[in-house]
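**Q** based on what follows, work out the 3D shape:
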Amino acid sequence: SPLDRYKDAAEVIRHLSRALQIPLPVDTATTRESFLQAAQFIGREQELDKLNGALSRAIDGTGALWFVAGESGIGKSRLLDEVRIQALTQGALVVRGQAAENGAAYIVWRDPLKRLLLNVEVRDAEASIFLDFIPDIAHLIGRPVAPMPIVEPEEAINRLIVAVNGILRRQMRPVVILLEDVHWLTRESFLLLEAVQVLAERLPLLVVASFRSDEVTPGLEALLDPARTLHLRRLSRDEMTQLTTSMIGEQGTQATVIDLLERETEGNIFFIVEVVRALAEEAGQLEHIGSVTLPVTLFVRGVQQVVERRLARLAPQHFPLLGLAAVMGRVIDRAALLQTAFSAGLDEWLFACERSNILEAREESWQFTHDKIREGVLSTLETDVRTLLHRRAAEAMEAAYPQMKAYAGALAYHWHAAGDADREQSARVTAGRYAYHCLLYTSDAADE
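**A** Prediction:
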């Protein structure tokens, strides 16, 4: 009879454990984490429907640029993850880029273009154009790449747009480009995004870009279309109940649990998951949440409490590299870190941080699981330590990207934070000249 069948896998495991007299833990730290990371998609159904509609139109040949806005921790990345899954199941090629605070010019385009270059025959002129911000392009295409001669500013930006246009047009299947944290885009990247937006309307190309709603820059504001901008709100109490139930089962419907979540998180998804993770650690098992006495308050210090819980799982030898990575940005710059004294243990460090939910592997790179985690790590650094780490970051980038002018702006930032005025000035001059040749010379830059 169907009524006599097991209702879920956990019940099967419990009965097998008793029958075989073998202790099989139903809830371990690993299985608990899998429930948290695979939580049901809640409260974003309408936004996903709109993006799925845009995806369908793009596959049919009429693409577009869409924006996803919201505060930090509100679920922008999860929504982009859902779009990625939908696109992959429909045969599209999905590439992802991550902007970085004070990052190199075009850094948000580096990973997407590297992936797109693998699908087409790259012309010599195109390879030379991309060399300035894809330093390993010769390795990708399997032949030497000559630097592109310096030309007038208008021609420089036009040739980049034409090169990107050509790469996108020659793709053999629909393309979805996901760009995160575009409020940090450099002016060069905004100009390229504007060109890609125009191109998308004539190709099977969908671009979805996320940004923090409280950090809208002039360049971003100029591109925003209200009809194609989705603003994510915090979850309601009912939605919090649905999300919590999907993670911990029926215990998630208890009023005491929801009261605690509502008080501690105010509907911010990042904190909802973190509170549930902390409760599970205290209770020992997900199913025991609600059956033990709940704390009156859990995250008095917010993000810092989250970071401290995760750092407690790391071995002491992994801390120095974590601080260096944090000052360099959300995305781990593997090439630069390989130039440091920590290079020998880099892989071990990456996987140790992944086990502690500090870093995650995404597409072809590593990054902090959330920028709030990176910000929390930064807040643990003493001023003199942070100054030293910025110096090490600048030295590592100079060693990893010699003569790469696209990184000059990031170098100027690190040398400034390191207190080295001479090197900062030199980097600023290089960055200014690079910006000029990207047709981004302004009176403000001239005044600097």
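**Q** which residues of the stretch 51-200 of the chain fall in strands?
**A** 64-70, 93-98, 175-180 (DSSP state E, counting those that start in this stretch).
**Q** and among these, the most buried is which?
**A** strand 175-180 (a mean of 26; mean count of other CB atoms under 10 Å). From N, CA and C alone the C-beta is placed, and that goes for glycine too.
**Q** which strands border that strand, and is each parallel or antiparallel?
**A** According to DSSP bridges, strand 175-180 forms sheet pairs with strand 93-98 (parallel), strand 205-212 (parallel).
**Q** export that strand to CSV, keeping only CA atoms.
**A** Listed next in CSV are the C-alpha coordinates belonging to strand 175-180 (Å, rounded to 0.1, in the frame of the first residue of the first chain):
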residue,chain,number,x,y,z
VAL,A,175,24.8,33.0,-24.6
VAL,A,176,23.9,34.2,-21.1
ILE,A,177,26.3,36.6,-19.3
LEU,A,178,25.8,37.0,-15.6
LEU,A,179,27.7,40.0,-14.0
GLU,A,180,27.7,40.5,-10.3
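**Q** show me what it is in contact with.
**A** If you take CB atoms under 8 Å, 6 or more residues apart in numbering as the criterion, strand 175-180 is touched by 55, 58, 76-77, 80, 83-84, 87, 92-99, 108, 112, 116, 168, 193, 196, 203-210.
**Q** please, where are all the strands along the stretch 301-448 of the chain?
**A** For the stretch 301-448 of the chain, strands defined by DSSP E, counting those that start in this stretch occupy the ranges 359-362, 365-368.
**Q** in the first one, what counts as buried?
**A** It refers to strand 359-362. Within strand 359-362, the residues scored as buried using 16 or more other CB atoms under 10 Å are 359-360, 362.
**Q** and of those, the nearest to residue 254?
**A** Of all these, residue 254 sits closest to residue 360, with 30.4 Å by CB to CB.
**Q** how about the contacts made by the closest one?
**A** Per CB under 8 Å, 6+ apart, neighbours of residue 360: 354, 366-369.
**Q** now these in CSV, with neighbour count, distance to residue 346 and pLDDT?
**A** CSV is the format used below for those (neighbours: other CB atoms under 10 Å; distance: CB to CB, whole Å; pLDDT from 0 to 100):
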residue, neighbour count, distance to residue 346, pLDDT
354, 14, 13, 89
366, 20, 10, 92
367, 21, 15, 90
368, 22, 16, 91
369, 20, 18, 85
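**Q** which of these lies closest to residue 257?
**A** residue 369 (23.7 Å).
**Q** quick one: residues contacting the closest residue to residue 118 other than its chain neighbours.
**A** The shortest distance from residue 118 to any non-neighbouring residue, by CB to CB, 6 or more residues apart in numbering, is to residue 140 (6.7 Å). With contact taken as CB under 8 Å, 6+ apart, residue 140 is in contact with 114, 117-118, 134.
**Q** so, low pLDDT: which residues of the stretch 151-300 of the chain?
**A** For the stretch 151-300 of the chain, the stretches flagged by pLDDT under 70 are 153, 281-300.
**Q** an error on my part: the question was meant for the stretch 1-150 of the chain.
**A** Applying pLDDT under 70 to the stretch 1-150 of the chain flags residues 24-38.
**Q** thought residue 101 was touching residue 329?
**A** Yes. Residue 101 lies in contact with residue 329 (CB atoms under 8 Å); the separation is 6.3 Å.
**Q** between those two, who's got more neighbours?
**A** Legend: neighbour count by other CB atoms under 10 Å for residue 101 and residue 329, higher for residue 329 (24 against 15).
**Q** ok, that one to residue 184 distance?
**A** 9 Å (CB to CB, to the nearest Å).
**Q** and which of the contacts of residue 140 is nearest to residue 248?
**A** residue 114 (39.7 Å).
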